[in-house]
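Enquirer: Predicted model, plus sequence, below.
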Amino acid sequence: MCTDAPALVEAIRSLAVRGAPLLGIAGAYGVALAAARGFDVPEAARTLEGARPTAVNLSVGVRRAESAHRAALARTGDPTAAAVAALAEARALHQEDAEASARMAAHGLTLLDELLPAGGHRILTHCNTGSLVSGGEGTAFAVALAAHRAGRLRRLWVDETRPLLQGARLTAYEAARSGMPYTLLTDNAAGSLFAAGEVDAVLIGADRIAADGSVANKVGSYPLAVLARYHHVPFIVVAPVTTIDPDTPDGASIEVEQRPGFEVTEVVAPQVAATGAAGGIPVAPLGTQAYNPAFDVTPPELVTAIVTEQGVVSPVTAESLAEACALSRRGADPA
Ligand SMILES: CSC[C@H]1O[C@H](OP(=O)(O)O)[C@H](O)[C@@H]1O
């Protein structure tokens, strides 16, 4: 448990706290924590925002709590009241994300049933998008969970997701705990699954969706989009509207986090897949550098649909995304 804002910043940087929607929630609680402990709130907010650059949700959550704090301080002149206001905003964001997760799961399962033949769906997913990244049951994984509960998940193919193995360590754990049929695979084995006709759809999360529909997600997502297009398989992104960033015009404008090389060169653990216990990656000594982008960017033309809590955006264009954001701003009843 983080006892103060600096500890939370380190937890975010080390991915002890990770995943776009959860980063937003944690960032908002971090602002409230900083206010409660008498830190300089704007300074703490900038530090939290800078902990990781790609997931836009982090700055969205931080700024929501910071804005609530600033307004309450201006209204009351009371730092305690301002800290309480920041905490209330963080809790509201937390609850909204839980509700958004449930709505995305429902919209996503409806879309799978529309796109795929009747019977069980064979879904490939990448990285980790379950309850460990959400106020609810997650984004893409929540759709797979809904399919499982409805008796319409034939198989969840789980990419291990090098180098930090979020799939092997976290998604495999969540899949096992849910009782769903899943199989772990190395990232470089995904192509042969497509070639064998074993993948009906790809479900992934997102860290930032640019105004033109470009999707930044865990590195390895773009190759899956190319494979999906080549094999005529739907490539579906599941993300809350807070992940859509109208202020980032296109994929080239998304800052892709570059992480330390040792995560590639030296992180080898005797057991890489969680077997029900909490999996962890030992901290490795610094080693030679390696190319280690934490994310990649998929162009909108390779994305079949984006599932949000407001409904399904397809085709993915600047116009359809702008409409989804406008719906969200108008507070329209979710579809
Ligand atoms: C939908 S949130 C999960 C999202 O975050 C992951 O990145 P990281 O583990 O580095 O925080 C990955 O991009 C997932 O899609």
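Expert: Sure thing, it's come through.
Enquirer: Run through the strands of the stretch 151-300 of the chain in chain order.
Expert: In chain order, the stretch 151-300 of the chain shows strands spanning 153-159, 182-185, 201-204, 208-210, 215-218, 235-238, 244-245, 295-298, with DSSP state E, counting those that start in this stretch as the criterion.
Enquirer: Which residue would be the closest one in the chain to the ligand?
Expert: Ranked by CB to the nearest ligand atom, the top residue of the chain for proximity to the ligand is G205, at 2.6 Å. Every C-beta, even on glycine, is put in place using the N, C-alpha and C of the backbone.
Enquirer: Now render the strands of the stretch 151-300 of the chain as JSON lines, adding mean pLDDT and mean neighbour count.
Expert: As requested, the strands of the stretch 151-300 of the chain are exported to JSON lines (pLDDT from 0 to 100; neighbours: other CB atoms under 10 Å):
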{"stretch": "strand 153-159", "mean pLDDT": "95", "mean neighbour count": "23"}
{"stretch": "strand 182-185", "mean pLDDT": "93", "mean neighbour count": "18"}
{"stretch": "strand 201-204", "mean pLDDT": "98", "mean neighbour count": "26"}
{"stretch": "strand 208-210", "mean pLDDT": "98", "mean neighbour count": "28"}
{"stretch": "strand 215-218", "mean pLDDT": "98", "mean neighbour count": "29"}
{"stretch": "strand 235-238", "mean pLDDT": "98", "mean neighbour count": "26"}
{"stretch": "strand 244-245", "mean pLDDT": "97", "mean neighbour count": "23"}
{"stretch": "strand 295-298", "mean pLDDT": "91", "mean neighbour count": "23"}
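Enquirer: tell me which parts of the stretch 51-200 of the chain are close to the ligand?
Expert: Residues of the stretch 51-200 of the chain lying close to the ligand (CB under 6 Å from any ligand atom) are 127, 129, 133, 139, 166.
Enquirer: Leaving out chain neighbours, which residue sits closest to the residue of the chain closest to the ligand?
Expert: In this structure, G205 finds its nearest non-sequential neighbour in T129, 3.8 Å apart by CB to CB, 6 or more residues apart in numbering.
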